[in-house]
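Q: Any chance you could fold what I've pasted below:
(chains A and B)
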2 protein chains.
Amino acid sequence: MSQSVTGFEVHDIRFPTSERLDGSDAMNPDPDYSAAYVVLRTEGGAEGHGFCFTIGRGNDVTATAIEALRGYVLGRQAPRTAAQLAALHHDLTHDSQLRWLGPEKGVMHMAAGAVVNAAWDLAARQAGQPVWEFLSAMTPEEIVSLVDFRYLTDALTPDEALEILRAARPGRAERTAALRAEGYPAYTTSPGWIGYPDDKLVALARQAVADGFRQIKLKVGCDIDDDVRRMKLARAAVGPSVRIAVDANQRWDVPDALRWMAALAPYEPHWIEEPTSPDDVLGHAAIRSGQPVRVATGEHVANRVVFKQLLQAGAVDFVQIDAARVAGVNENVAILLLAAKYGVPVCPHAGGVGLCELVQHLSMFDYVAVSGTREGRVIEYVDHLHEHFEDPVRIVSGRYLAPTAPGFSARMLPRSIAAHSYPDGPVWQARRTAT
Amino acid sequence: MSQSVTGFEVHDIRFPTSERLDGSDAMNPDPDYSAAYVVLRTEGGAEGHGFCFTIGRGNDVTATAIEALRGYVLGRQAPRTAAQLAALHHDLTHDSQLRWLGPEKGVMHMAAGAVVNAAWDLAARQAGQPVWEFLSAMTPEEIVSLVDFRYLTDALTPDEALEILRAARPGRAERTAALRAEGYPAYTTSPGWIGYPDDKLVALARQAVADGFRQIKLKVGCDIDDDVRRMKLARAAVGPSVRIAVDANQRWDVPDALRWMAALAPYEPHWIEEPTSPDDVLGHAAIRSGQPVRVATGEHVANRVVFKQLLQAGAVDFVQIDAARVAGVNENVAILLLAAKYGVPVCPHAGGVGLCELVQHLSMFDYVAVSGTREGRVIEYVDHLHEHFEDPVRIVSGRYLAPTAPGFSARMLPRSIAAHSYPDGPVWQARRTAT
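A: Just a heads-up that it's a prediction; the model follows:
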């Protein structure tokens, strides 16, 4: 049954989302949601798909970075076990020459994440399970073996991780059943893009509540008066009991964040997300202690070492993992374990293209096998581009339904890949012809 | 006199340095020193050269990232003034789509640095001055205008920066003259590569002292007993008054660093460099407070935001800027100002290929216009690959002589570029034929 990887295909896929203001925020006015996409093929015909999410220009740089990893995968035995998935993750992140380009951050690290996630897609399909179940079925020892503890042991040792996982072992079956029956709570960012006019914001906020969401999110950070007005409108639209998170997308320095949040605090934001640079652990700690609103970050946090410090410094109230920025499932398992150690809830970043599809598996694994709770946790949901996926997320009454199909849910439809290939797919050719 | 940039050439240049153990350390056993190299050409025939330094595989990824910046440079007026150099730096680091690939870290940020540095090479040549003098001749207001203060203002405001620069204005002429007469102190890493046998280490350490160096550096971090033996040998070879720095190249977790440095402390290391992850601000702070040896880091620190925190947290005794990892001269000016604000000496990282040539300009600028002192400061020196440069560093009696030729000293000889182009230059073709 041992098969080797015989194909490694890389695609530059881009969606012209900047033509509308969907996805607009204080730092990203015109994203073209994109994926540097990798397909692993085995001699037996099985496939694993993974990708880096980017917002347009530079997607080719990320694709080149994925290409640089080809030699670690082609000809290798297709990984099926925790040990094999750990070995692949290790090889991709410990090439000493490629490591120089980070280390463990930016383009090269995102590329490693794409390949690691593709390997998980492949392994889970071979096992006939969705990734969340495949991962949750591993023993605590297997799960610990997935993690690279380098630079973590001052905060979390392998033994402590094992203890966390063993403590969560009772009840796994009940929680798996609960997920299948009830899904996992979601919140929606769709009402609050910064480019939307007030009436659209209000209508979409009301619609979100009608659809069953108990939390929405507004983008803020360009103009304080606009933001106070929009926050007031949103609060009036959803009432006092629906949570409204706000998200500055890294727009502020520490003093700006303190000033802005003092102005927004009367409308009770649930959290302030990315108030400043994702690298600024001490800045987040200062913002958390200097104003009343809880602090969230993570979608741009480069790796487990920065997450470790955010937790050590008491800088965050919510850890926002991203499925496609760090080195894939393995590094996200490390981050989930760190968050569990510090007792901080994980509320993943999603949206873009395919991020919802991926990250739901990680939150469901967290619930079944790590933190053991959904209390205070929500997964971001954005209603973009799901139609391009073979196994798109299913949202019912403001909840993610548990995926049932084998794999990582992030396989794009062949026709979508072909149509949006950059620069020569028909979607882009048509735009060049039109201008 | 206004000319526009009409050429933007990118080269993948690699040197087969892994064939010897030069450059070997605890994390980088076999580097092939490489440069993703960019040449800007103007219609008047002037050129500006810059590069990312890498250690082999992935140099093509960095070259692709430089290519992604082409549109910001081609057709643009060749920058000559502080305002124009600030505008270019801003454009290269604030493209919202490319920023997603960092933000401000890794491959994409290094690529921005290469292009920014090429623009400084061009501007200084047009002014007929070496970069250190070109930069030192700017007014405090112009220098402040070069800096992107985003994420810095909780630690350093533009007004505080101006104050630092104004305080250093008296004596600029004397310090410039002193540099021309005496140069700037260097230390050498050449004796201490981890792959060298003991007798070579001892002979090279003695030679370094005979050559006038007052500081050498040993690579450590693979085996504690080996390191104690090598440190003892080196201390015996150079005597008590020559400083011996040690460098772990990120090999350790915090507990390892504490244990290792307790064992090495009796031989009085001058500093421990890169004891752990360059992202680990809190880890460096714990190492600094948990053992007696002073702490240095910076060559892999991704950007000014992380340097800011290392200073805020009291995590480092020495700031080791690198000329080609952050976004070029502009971001290094920010880091020099931060270090001056916190009173921490800057001792640059160099070596690799071309890093000595570049970074000497930044230390000399620091001395003339920012910190105003060479006290306790040294620039790293490694005797590799200088023969490939048009204006190589000149080391006399353990000191860098001040460059006198216009530009940034980092222009590679055309024959070296041609010979080492990867994969088709004759140096690499010959190796493929031989195997």
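Q: Which residue is the nearest non-sequential neighbour of the residue of chain A at minimum distance from chain B?
A: With Cβ to the nearest Cβ, the shortest gap between chain A and chain B falls at residue A:106, namely 1.9 Å. To be clear about C-beta, it is placed using only N, CA and C from the backbone, and glycine gets the same treatment. Ranked by Cβ to Cβ, 6 or more residues apart in numbering or on different chains and with sequence neighbours excluded, the top spatial neighbour of residue A:106 is residue B:106, at 1.9 Å.
Q: Distance of that neighbour relative to residue A:310?
A: 19 Å (Cβ to Cβ, to the nearest Å).
Q: For residue A:46, which residues are in contact?
A: A:3, A:78, A:122, A:125, A:126 (Cβ atoms under 8 Å, 6 or more residues apart in numbering or on different chains).
Q: Got the phi and psi for it?
A: The phi and psi values for residue A:46, taken as degrees, to the nearest 10, are phi -70, psi 150.
Q: What segments of the stretch 1-150 of chain A are strands?
A: A:5-14, A:34-42, A:47-54 (DSSP state E, counting those that start in this stretch).
Q: Identify the residues contacting the residue nearest to residue A:106.
A: Counting by Cβ under 8 Å, 6+ apart, residue B:106 has contacts A:101, A:102, A:105, A:106, A:107, A:108, A:109, A:302, B:302.
Q: Among those residues, which one has the most neighbours?
A: Neighbour tally across those (other Cβ atoms under 10 Å in any protein chain shown): the maximum, 34 neighbours, falls on residue A:107.
Q: Looking at that one now. What's its pLDDT?
A: Note on residue A:107: pLDDT of 98.
Q: ok, now residue A:435?
A: The predicted local confidence for residue A:435 is 65.
Q: returning to that earlier point: now, which of the contacts of residue B:106 sits nearest residue A:64?
A: residue A:107 (8.5 Å; Cβ to Cβ).
Q: Excluding residues flanking it in the chain, which one is nearest the closest one?
A: residue B:107 (3.9 Å).
Q: how near is residue A:383 to residue B:306?
A: Distance from residue A:383 to residue B:306, by Cβ to Cβ: 36 Å.
Q: and the residue most central in space within chain A, what is it in contact with?
A: By Cα atoms, centre = their mean, chain A has its centre lying nearest to residue A:322, at 2.4 Å. When contacts are counted by Cβ under 8 Å, 6+ apart, residue A:322 is found next to A:298, A:299, A:300, A:301, A:348, A:349, A:355, A:359.
Q: how about 7 Å then?
A: Contact analysis of residue A:322 by Cβ atoms under 7 Å, 6 or more residues apart in numbering or on different chains lists A:298, A:299, A:349, A:355.
Q: Weed out the non-buried ones from those residues.
A: A:298, A:299, A:349, A:355 (16 or more other Cβ atoms under 10 Å in any protein chain shown).
Q: Please tabulate those residues in JSON lines, including the columns secondary structure.
A: As requested, the buried ones among the contacts of residue A:322 are exported to JSON lines (DSSP: H, G, I helix; E, B strand; the rest coil):
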{"residue": "A:298", "secondary structure": "coil"}
{"residue": "A:299", "secondary structure": "coil"}
{"residue": "A:349", "secondary structure": "coil"}
{"residue": "A:355", "secondary structure": "helix"}
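Q: As CSV, those with pLDDT would be great.
A: Output for the buried ones among the contacts of residue A:322, formatted as CSV (pLDDT from 0 to 100):
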residue, pLDDT
A:298, 98
A:299, 98
A:349, 98
A:355, 98
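Q: what two of these are the furthest from one another?
A: A:298 and A:355 (12.4 Å).
Q: Between those two, which contacts overlap?
A: With Cβ under 7 Å, 6+ apart, residue A:298 and residue A:355 have common neighbours A:322, A:349.
Q: Give the residue from residue A:383 and residue B:306 that has the larger number of neighbours.
A: Remark: of residue A:383 and residue B:306, residue B:306 carries more neighbours, 26 against 16, as counted by other Cβ under 10 Å.
Q: Which strand or helix spans that one?
A: Secondary structure assignment for residue B:306, by DSSP states H and E: helix B:304-312.
Q: I'd like to know how far residue A:232 sits from residue A:226.
A: Taking Cβ to Cβ, one finds residue A:232 at 11 Å from residue A:226.
Q: tell me the domain boundaries of chain A?
A: Following automatic domain parsing, one gets these domains for chain A: A:5-151, A:172-415.
Q: since we're on residue A:222, how many residues are nearby?
A: 17.
Q: How about residue A:396?
A: Quick note: residue A:396 (other Cβ under 10 Å) scores 12 neighbours.
Q: Beta-bridge partners for it, please?
A: On the basis of DSSP bridges, residue A:396 is bridged to residue A:399.
Q: Output the below-cut-off pLDDT ranges for the stretch 151-300 of chain A.
A: Along the stretch 151-300 of chain A, segments meeting pLDDT under 70 are nowhere present.
Q: What's the separation between residue A:89 and residue B:20?
A: From residue A:89 to residue B:20 the distance is 31 Å (Cβ to Cβ).
Q: Of the two, which one has the most company?
A: Ranked by neighbour count (other Cβ under 10 Å), residue A:89 and residue B:20 place residue A:89 first, with 26 against 13.
Q: Just give me the longest helix of chain A.
A: helix A:106-127 (DSSP state H).
Q: what angle separates it from strand A:47-54?
A: Between helix A:106-127 and strand A:47-54, the angle comes out at 150 degrees (axes from the mean of the first three to the mean of the last three Cα atoms, to 10 degrees).
Q: Report the backbone C-alpha coordinates of helix A:106-127 in PDB.
A: Extracted in PDB, the C-alpha atoms of helix A:106-127 (Å, rounded to 0.1, in the frame of the first residue of the first chain):
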ATOM      1  CA  GLY A 106       6.900  35.200   5.400                       C
ATOM      2  CA  VAL A 107       6.800  33.700   1.900                       C
ATOM      3  CA  MET A 108       9.000  30.700   2.500                       C
ATOM      4  CA  HIS A 109       7.100  29.700   5.700                       C
ATOM      5  CA  MET A 110       3.700  30.100   4.000                       C
ATOM      6  CA  ALA A 111       4.900  27.900   1.200                       C
ATOM      7  CA  ALA A 112       5.900  25.200   3.700                       C
ATOM      8  CA  GLY A 113       2.400  25.500   5.100                       C
ATOM      9  CA  ALA A 114       0.800  24.900   1.700                       C
ATOM     10  CA  VAL A 115       2.800  21.700   1.200                       C
ATOM     11  CA  VAL A 116       2.200  20.500   4.700                       C
ATOM     12  CA  ASN A 117      -1.500  21.100   4.400                       C
ATOM     13  CA  ALA A 118      -1.600  19.300   1.000                       C
ATOM     14  CA  ALA A 119       0.100  16.300   2.700                       C
ATOM     15  CA  TRP A 120      -2.600  16.300   5.400                       C
ATOM     16  CA  ASP A 121      -5.300  16.500   2.800                       C
ATOM     17  CA  LEU A 122      -3.800  13.500   1.100                       C
ATOM     18  CA  ALA A 123      -3.300  11.500   4.300                       C
ATOM     19  CA  ALA A 124      -6.800  12.200   5.600                       C
ATOM     20  CA  ARG A 125      -8.300  11.100   2.200                       C
ATOM     21  CA  GLN A 126      -6.300   8.000   2.300                       C
ATOM     22  CA  ALA A 127      -7.600   7.300   5.800                       C
END
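Q: Give me the distance from it to the chain's centre.
A: 13 Å (Cα atoms, centre = their mean, to the nearest Å).
Q: correct me, but residue A:17 touches residue A:31?
A: Yes. Residue A:17 sits in contact with residue A:31 when judged by Cβ atoms under 7 Å, with a separation of 6.0 Å.
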